[in-house]
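Asker: Model the following, please.
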Amino acid sequence: MANKRDLKKDINYVLGDIIEAVYIWELSNTSKPTKESEAIIDDAIATFDSLIAKVNDRKVEDKKTHFKAINEELESKGRDLIERINKLG
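Answerer: Here you go, the predicted structure:
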(Lines give C-alpha, C1' and ligand atoms only; values in the text may rest on other atoms or scores of the structure.)
Protein backbone atom coordinates (compact mmCIF):
# COMPACT_ATOMS: atom_id res chain seq x y z
CA MET A 1 0.00 0.00 0.00
CA ALA A 2 1.19 3.46 -0.84
CA ASN A 3 1.83 5.92 1.92
CA LYS A 4 -0.41 8.82 2.91
CA ARG A 5 1.48 11.33 0.77
CA ASP A 6 1.13 9.21 -2.38
CA LEU A 7 -2.57 8.65 -1.72
CA LYS A 8 -3.11 12.40 -1.40
CA LYS A 9 -1.24 12.95 -4.68
CA ASP A 10 -3.38 10.31 -6.41
CA ILE A 11 -6.56 11.97 -5.17
CA ASN A 12 -5.33 15.36 -6.35
CA TYR A 13 -4.21 14.13 -9.79
CA VAL A 14 -7.30 12.04 -10.56
CA LEU A 15 -9.86 14.63 -9.53
CA GLY A 16 -7.78 17.46 -11.00
CA ASP A 17 -7.67 15.68 -14.34
CA ILE A 18 -11.43 15.16 -14.23
CA ILE A 19 -12.04 18.86 -13.56
CA GLU A 20 -9.62 19.76 -16.36
CA ALA A 21 -11.50 17.45 -18.75
CA VAL A 22 -14.75 19.23 -17.90
CA TYR A 23 -13.16 22.62 -18.56
CA ILE A 24 -11.87 21.39 -21.92
CA TRP A 25 -15.36 20.12 -22.78
CA GLU A 26 -16.85 23.48 -21.82
CA LEU A 27 -14.37 25.35 -24.01
CA SER A 28 -15.03 23.13 -27.01
CA ASN A 29 -18.82 23.23 -26.56
CA THR A 30 -19.50 26.87 -25.83
CA SER A 31 -23.02 26.79 -27.28
CA LYS A 32 -24.25 23.99 -25.00
CA PRO A 33 -25.59 24.52 -21.45
CA THR A 34 -23.10 24.00 -18.68
CA LYS A 35 -25.30 23.16 -15.68
CA GLU A 36 -24.41 19.48 -15.97
CA SER A 37 -20.71 20.20 -16.37
CA GLU A 38 -20.73 22.57 -13.40
CA ALA A 39 -22.44 19.86 -11.34
CA ILE A 40 -19.65 17.44 -12.26
CA ILE A 41 -17.03 19.95 -11.09
CA ASP A 42 -18.93 20.54 -7.85
CA ASP A 43 -19.15 16.78 -7.24
CA ALA A 44 -15.43 16.35 -7.97
CA ILE A 45 -14.57 19.05 -5.45
CA ALA A 46 -16.89 17.52 -2.85
CA THR A 47 -15.32 14.11 -3.46
CA PHE A 48 -11.85 15.62 -3.07
CA ASP A 49 -12.77 17.23 0.24
CA SER A 50 -14.36 14.02 1.51
CA LEU A 51 -11.45 11.78 0.55
CA ILE A 52 -8.79 14.13 1.95
CA ALA A 53 -10.71 14.32 5.23
CA LYS A 54 -10.74 10.51 5.36
CA VAL A 55 -6.99 10.34 4.63
CA ASN A 56 -6.28 12.83 7.43
CA ASP A 57 -8.39 10.92 9.98
CA ARG A 58 -5.92 9.95 12.71
CA LYS A 59 -8.34 7.84 14.74
CA VAL A 60 -8.13 4.89 12.35
CA GLU A 61 -6.80 1.67 13.84
CA ASP A 62 -5.97 -0.33 10.69
CA LYS A 63 -4.42 2.24 8.37
CA LYS A 64 -3.62 -0.20 5.58
CA THR A 65 -7.25 -1.30 5.23
CA HIS A 66 -8.46 2.28 5.64
CA PHE A 67 -6.20 3.61 2.88
CA LYS A 68 -7.12 0.71 0.60
CA ALA A 69 -10.81 1.55 1.06
CA ILE A 70 -10.11 5.21 0.26
CA ASN A 71 -8.24 4.20 -2.89
CA GLU A 72 -11.15 2.00 -3.99
CA GLU A 73 -13.60 4.82 -3.32
CA LEU A 74 -11.44 7.17 -5.41
CA GLU A 75 -11.51 4.69 -8.29
CA SER A 76 -15.26 4.17 -8.19
CA LYS A 77 -16.16 7.85 -7.84
CA GLY A 78 -13.60 8.75 -10.50
CA ARG A 79 -15.19 6.28 -12.92
CA ASP A 80 -18.64 7.69 -12.17
CA LEU A 81 -17.49 11.24 -12.85
CA ILE A 82 -15.77 10.20 -16.09
CA GLU A 83 -18.95 8.45 -17.25
CA ARG A 84 -20.88 11.65 -16.56
CA ILE A 85 -18.35 13.63 -18.65
CA ASN A 86 -18.72 11.17 -21.52
CA LYS A 87 -22.51 11.58 -21.42
CA LEU A 88 -22.34 15.37 -21.73
CA GLY A 89 -22.59 15.02 -25.47
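Asker: Now whatever helix or strand residue 67 lives in: buried residues?
Answerer: Following DSSP states H and E, one finds residue 67 within helix 63-86. Buried residues in helix 63-86, counted by 16 or more other CB atoms under 10 Å: 66, 67, 70, 71, 74, 77, 78, 81, 84, 85. For glycine as for every other residue, the C-beta is placed from the backbone atoms N, C-alpha and C.
Asker: Determine the set of other helices and strands touching the helix or strand that contains residue 7.
Answerer: Here residue 7, judged by DSSP H and E, is contained in helix 4-28. If contacts are counted by 3 or more CB pairs under 8 Å, 6 or more residues apart in numbering; DSSP states H and E, helix 4-28 sits against helix 35-55, helix 63-86.
Asker: Tabulate the ones you listed (CSV), appending mean pLDDT and distance to residue 21.
Answerer: Listed next are the helices and strands packed on helix 4-28 as CSV, based on pLDDT from 0 to 100; distance: least, CB to CB, whole Å:
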stretch, mean pLDDT, distance to residue 21
helix 35-55, 95, 9
helix 63-86, 94, 6
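Asker: And the ones you listed: which comes nearest residue 14?
Answerer: Smallest distance to residue 14 across the helices and strands packed on helix 4-28 (CB to CB): 5.0 Å, for helix 63-86.
Asker: What lies in contact with that closest one?
Answerer: Residues from elsewhere that reach helix 63-86, judged by CB atoms under 8 Å, 6 or more residues apart in numbering: 1-2, 4, 7, 10-11, 14-15, 18, 21-22, 25, 36-37, 40, 43-44, 47, 51, 54-55, 57, 60.
Asker: ok, so what distance separates the residue of the chain positioned farthest from its centre from residue 87?
Answerer: Within the chain, the residue lying farthest from the chain centre (CA atoms, centre = their mean) is residue 31, at 26.3 Å. Distance, residue 31 to residue 87, by CB to CB, to the nearest Å: 18 Å.
Asker: next one: residue 63
Answerer: With the distance defined as CB to CB, residue 63 ends up 36 Å from residue 87.
Asker: swap in residue 38?
Answerer: 15 Å.
Asker: No further questions, thank you.
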